[in-house]
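**Q** I'll drop the sequence and a predicted model, then ask my questions.
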Amino acid sequence: MGAATHTQDELKAMAARAALAYVEPGQVIGVGTGSTVNHFLDALAQSGLDVRGAVSSSEASSQRLRALGIAVHDSNAVADLSVYIDGADEIDGSGCMIKGGGAALTREKIVAALARRFICVADQSKQVQVLGRFALPVEVIPMAAAHIGRRFAAGVCGTSGRAVLREGPEGPLVTDNGQHLLDVHGLQITDPLAFEQTVNQWPGVVTVGVFAQHRASVCLLATQDGVQTLNFEAGPPSADC
């Protein structure tokens, strides 16, 4: 008989459980947002690991942490975090990522900046050679949305894309920060660090969902053959990334 085929949700749970090995007892950890992180939080609560609490990247994750009996700390109350555990919408061969499918990219980037290591938990469908197959989320101040959309159409760092305002149940989606999101389709981001640095300078951009400056230290990639550990700590894609 052949080996059992795991569903995508089972793969996410596999990667999430593997991340427990990176949790240091007695520390405050950073946690992200999304379905894979939810698996991690459930596994953390069941593990009995003694953590002092967590800094969360979204209101949704904060609510889940509290429901599981894990203390939530304000990011301003901690100097740094031993580890940040989060998923990705895409991750390339250098550990650079696209994030923001769950609309929490700005807070995710803040928590990532506090952490000494970023552990990305993902299933094999998220691994790509070039970022951009997943529409790039960009959090924007509402009055700048149309202008920023035109700038993406005109091109940036050798690629261009079509920006679409993300909709919520009652009009444009509003983030936890009170802003709007553009999802940019059709990009091919061959230099993630330069792209991130360029777009972040545009007036009206709050955060672009390319994580190159704060890329993954390690990716725990769940495959049908088990969880692969991809280590990116030794060789950054550029001098600044």
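**A** It's in. Numbers count the residues shown, from 1 in each chain.
**Q** please count neighbours and contacts with C-alpha atoms only from this point.
**A** Fine.
**Q** walk me through the domains of the protein.
**A** Following automatic domain parsing, one finds the domains of the chain at 8-128+213-231, 136-209.
**Q** pull out the buried positions in the lengthiest helix in the chain.
**A** When every helix of the chain is counted residue by residue (DSSP state H), the longest turns out to be helix 35-47. Buried residues in helix 35-47, counting neighbours by 16 or more other Cα atoms under 10 Å, are found at Ser35, Thr36, Val37, Asn38, His39, Phe40, Leu41, Asp42, Ala43, Leu44.
**Q** any idea which of the residues you listed is closest to Arg151?
**A** Of all the buried residues of helix 35-47, the one sitting nearest Arg151 is Ser35; the distance, using Cα to Cα, is 31.9 Å.
**Q** the closest residue to that closest one other than its chain neighbours: neighbour count?
**A** Closest residue to Ser35 apart from its sequence neighbours, by Cα to Cα, 6 or more residues apart in numbering: Lys12 at 7.8 Å. For Lys12, the neighbour count with other Cα atoms under 10 Å is 27.
**Q** and if you look at Phe134?
**A** A total of 19 residues lie near Phe134 under the criterion other Cα under 10 Å.
**Q** isn't it right up against His185?
**A** Yes: at 7.4 Å, Phe134 and His185 qualify as touching, with contact defined as Cα atoms under 8 Å.
**Q** what pLDDT is listed against the closest residue to Gln129 other than its chain neighbours?
**A** Taking Cα to Cα, 6+ apart as the measure, Gln129 lies nearest to Asp92, with 5.3 Å between them; neighbours along the chain are not counted. Each residue has a pLDDT score; the one for Asp92 is 97.
**Q** next one: Thr159
**A** Note for Thr159: predicted pLDDT of 97.
**Q** how about it, what does it touch?
**A** Leu187, Gln188, Ile189 (Cα atoms under 8 Å, 6 or more residues apart in numbering).
**Q** how does it look with 10 Å?
**A** Residues touching Thr159, when contacts are defined by Cα atoms under 10 Å, 6 or more residues apart in numbering, comprise Gly132, Phe152, Ala153, Gly186, Leu187, Gln188, Ile189, Thr190, Phe195.
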